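> Predicted model and sequence follow; I will ask about them next.
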Amino acid sequence: MSDTPTTILWLRRDLRLSDHDALRAAVKRGGPVIPVYIRDQMVDDLGAAPKWRLGLGIEDMAEALDGKASGLVLRSGDALAVLRDLIHETGANAVYWSRLYDPEAIARDTSVKSALKEDGIEAESFTGHLLFEPWTVETKEGGFYKVYSPMWRNVKDRDVPAAEPAPSHIPAPEHWPKSETLAEWRLGAAMNRGAKVCRPYQRVGEEAAQGRLGWFMGHAIEDYKDARDKPAVDGTSGLSENLTYGEISPRQCWHAGMRARHEGHKSAEAWLKELVWREFAYHLLYHTPQIACRNWREEWDDFPWKDDERAAEIKAWKQGRTGVPFVDAAMREMYVTGKMHNRARMVVASYLTKHLMTHWKVGMHWFDDCLTDWDPASNAMGWQWVAGCGPDAAPYFRVFNPETQLDKFDPDHAYPDRWIAEGQQNPGEDALAYFRAIPRSWPMSPDDPYPDKPVVGLKEGRERALAAYEDRKS
């Protein structure tokens, strides 16, 4: 092993240069830093849209590192095997990375750290993906939080470390190890023709994320509390994709929100609460990892959900052809942009799990495949919260009515007009883009008539779901 303190920086969901604890610690060691991204099984298992979007983020990070006279090494294979190979090739004596909190990543990282330490390698992990790591937030009794509001009260006044700037210089090795190419990885292969349609809607990389944060704080934070529920309005930060891939840190977002609150912006606290809602999702995923794969509340295991994805109703839901405009517009927005307005996410999830009586995992897996801002914790918790089997303090069975929701939050129906082409004499570009993005096997055209009635009526579906709920309770 070389006497030079060469450090391998193992990048994952931390594709930025600023406020990067692991990078800063690697630079502080004083020797060369070799950033690496590993395409292991966890990457290969990603759905089509998040895998493609990850590739865009990796590409941007490589360019940012080039701008610092550094570089990014790409390798594929088992993470431990790849790291050992790089250590052998470079003489590195340390591997640093940012922590992740989903069960699969924890298992992998724990194994890697143990093995590297046995090899005599310094293996250290650092925070960076969350504001409040799950084991640092406890109830008065010493347990974890199962309800959001008391967790918010616990953390809202905590000191959050200041965000650190990017290092001015990243020491490079004299000889770079061989790297694979993103083209070889074909991370966007499953997107097919949809990639070209979806690309203009992505805000990729650290510079774009910082620009969006600045715009949001300067132009939209004041009205956020009300505007965030309006699907036809650009009233949210739009930073979900950047937080997903670590192109911006939660600390940078938190301190921007705190500054806005101190400046008197009344909606700033509402935005800070949304940041902590993300924290709550990871808090639950860490302490109750089963939330990602089975009912968080075991008493829901006998609820009569359907899960036959060949069913016509489920196919109509996926294709945005349910005959319910709010639901269909949202599903098409996701297919074209890779994202979906948060109010719309609740409505489409409720329609699937309540009106269509379909298992939440069917919807969760579809989102896994279609969202470019896919997040393992937020997606799992969000679906279970809407379905009723997850963490929720509400003492009732919540069924969103898509019609009243649309009338309340989009009274002009601008949202479905933007995304649904059928029935419009001159549909807009966003509505038409959907037909260029969908699989050719879907027999759909903007000239088709829009369904004249829902696949399941709103009154009928609500009554059926409530009856099933009452049967479950009894």
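Happy to help now that I have it.

> Give the next helix or strand downstream of the longest strand along the chain.
Using DSSP state E to define each element, the chain has its longest strand at strand 33-39. As assigned by DSSP states H and E, the chain's next helix or strand after strand 33-39 is helix 41-44.

> ok, V336 to L100 distance?
Separation of V336 from L100 (Cβ to Cβ, to the nearest Å): 29 Å. Glycine gets a C-beta too; all of them are placed from N, C-alpha and C.

> helices and strands around the longest strand of the chain, which ones?
Strand 33-39 sits against strand 7-11, helix 21-28, helix 48-66, strand 73-76, helix 79-90, with contacts defined as 3 or more Cβ pairs under 8 Å, 6 or more residues apart in numbering; DSSP states H and E.

> 6 Å - rerun?
strand 7-11, strand 73-76, helix 79-90 (3 or more Cβ pairs under 6 Å, 6 or more residues apart in numbering; DSSP states H and E).

> Mean pLDDT added to those, as TSV?
Output for the helices and strands packed on strand 33-39, formatted as TSV (pLDDT from 0 to 100):
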stretch	mean pLDDT
strand 7-11	98
strand 73-76	98
helix 79-90	98
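
> In JSON lines, list those along with mean neighbour count and distance to L17.
JSON lines is the format used below for those (neighbours: other Cβ atoms under 10 Å; distance: least, Cβ to Cβ, whole Å):
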{"stretch": "strand 7-11", "mean neighbour count": "26", "distance to L17": "11"}
{"stretch": "strand 73-76", "mean neighbour count": "19", "distance to L17": "16"}
{"stretch": "helix 79-90", "mean neighbour count": "18", "distance to L17": "21"}
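
> Y415: helix or strand, and which one exactly?
helix 414-419.

> Tell me the buried residues in whichever helix or strand comes after that helix?
Once the chain leaves helix 414-419, the next helix or strand it forms, by DSSP H and E, is helix 429-437. Applying a neighbour-count criterion of 16 or more other Cβ atoms under 10 Å, one finds 430-431, 433-435, 437 buried in helix 429-437.

> Just the closest of those to K315, please.
Minimum distance to K315 across the buried residues of helix 429-437 is 15.7 Å, recorded for Y434 (Cβ to Cβ).

> that older thread, report the buried residues of the helix holding Y415.
For helix 414-419, by 16+ other Cβ under 10 Å, it's 415-419.

> shouldn't W152 be in contact with R278?
No: W152 is beyond contact range of R278, at 11.8 Å (criterion: Cβ atoms under 6 Å).

> Have a look at those two and say which one is more surrounded.
A side-by-side neighbour count of W152 and R278, using other Cβ atoms under 10 Å, places R278 first with 20 against 17.

> what about the residue found closest to V112 once you drop the neighbours it is linked to in the chain, distance to Q424?
Counting by Cβ to Cβ, 6 or more residues apart in numbering, L80 is the residue found nearest to V112 once chain neighbours are left out, at 4.9 Å. Distance from L80 to Q424, counting by Cβ to Cβ: 55 Å.

> give me every residue that touches G194.
Taking Cβ atoms under 6 Å, 6 or more residues apart in numbering, we find G194 in contact with A437.

> Phi and psi next, for it.
Main-chain dihedrals, G194, degrees, to the nearest 10: phi -70, psi -20.
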